[in-house]
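J.: need coordinates for the following:
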Amino acid sequence: MANLRSAYATVAEGVTAAARRRAGEGTRPPVPRPPPRMGRVRDLRGTAPGPAGTAAPEVRPDPGHRTLRLPEGARLVISGLPGSGKSTLIRRTVPDTLPGPTRPTGGAAGTSGAGAGSPGASAEVRRIDSQDTRERWERALPDALRWLPYAVYRPLVRIAHYLRLYAALASGAGVVVHDCGTQGWVRRWLAWDSRRRGRTLHLLLLDVPPEVALRGQSERGRGVSGYAFLRHRRAVRRLITEAESGVLPRGCASVVLLDRQSAARLDRIDLGQRSGAARLPAPR
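T.: Sure, this is the predicted structure:
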């Protein structure tokens, strides 16, 4: 009987100790998440200064031009509300170059690029805009698509758009991407691909009032539903709020904030800068 009591006491003590360990584990504080990534933010809206405590990209306006210069082969995402002027800005400031021989890029006037065959010798740029893809389809199939609502063939346009983006990333060229703000997975894909290929990812945010964006949709004759526009507003506002706090989206090396006026003063986006630092136009 004494042996049974001793065995029972030993088992009971083991169960109690295990329960205590489990209870202790349950009360442990959660592992703290890493702090949000603070980085290079440049606010060029009006005369607003950059967020306090952030390291803004170096500002060197080109003589006679207001140019946003980024490292050669960089990826730039231009995001904003539908109708805010993203496609207009891309078409006005980004020449869509074709594959060709090495040409002088970046640096000061009179300097030339790396020799042919060396890594990063090309300064080609691809601009990827779903609106361009849609217009290509409409030009190629005018009779078939004339009477169809865009919602019917939009999935096919999207597939073609992302295939073009994949090909542009694989080409090694610099890439400028139109982004509506709601497709976070696209930015994550770009961040992953940039890390894998040793490139830098940058974000340009157009901060335009909703009423101005709606007017822009009306002027171009294409709009989005009220529900879709609300989703866009929430997504873009979140990106802008984080940038104003100096917080960069995951994988981004820098963020530039523009309004309609500062965007209109931007003459060119150049993805041919050979140094690692971005060169941005000075605010006026």
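J.: CA atoms for contacts and neighbours, from now on please.
T.: Will do.
J.: residue 170 belongs to a helix, doesn't it?
T.: Yes: judged by DSSP: H, G, I helix; E, B strand; the rest coil, residue 170 forms part of a helix.
J.: residues near it, how many?
T.: 11 (other CA atoms under 10 Å).
J.: just the pLDDT for it.
T.: pLDDT recorded at residue 170 is 94.
J.: residue 216: what's it in contact with?
T.: 83-85 (CA atoms under 8 Å, 6 or more residues apart in numbering).
J.: for it, give me phi and psi.
T.: phi -60, psi -40 (degrees, to the nearest 10).
J.: and the strands in this protein, which stretches?
T.: Counting by DSSP state E, the chain has strands at residues 40-43, 67-71, 75-79, 125-128, 174-179, 201-206, 252-258, 268-273.
J.: who does the third one touch, helix- and strand-wise?
T.: It stands for strand 75-79. strand 174-179, helix 184-197, strand 201-206 (3 or more CA pairs under 8 Å, 6 or more residues apart in numbering; DSSP states H and E).
J.: for that strand, which strands pair with it and how are they oriented?
T.: Sheet pairing for strand 75-79, assigned by DSSP bridges, gives strand 174-179 (parallel), strand 201-206 (parallel).
J.: keeping just the C-alphas, turn it into PDB.
T.: Output of strand 75-79 as PDB, limited to C-alpha atoms (Å, rounded to 0.1, in the frame of the first residue of the first chain):
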ATOM      1  CA  ARG A  75      11.500  49.200 -60.500                       C
ATOM      2  CA  LEU A  76       9.200  52.100 -59.900                       C
ATOM      3  CA  VAL A  77       5.600  51.700 -58.900                       C
ATOM      4  CA  ILE A  78       3.300  54.700 -59.600                       C
ATOM      5  CA  SER A  79       0.200  54.400 -57.400                       C
END
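J.: other residues contacting that strand?
T.: Outside strand 75-79, the residues touching it (CA under 8 Å, 6+ apart) are 86, 174-181, 187, 190, 194, 199-206, 236.
J.: now the angle from that strand to strand 67-71?
T.: With axes from the mean of the first three to the mean of the last three CA atoms, to 10 degrees defining the directions, strand 75-79 sits at 140 degrees from strand 67-71.
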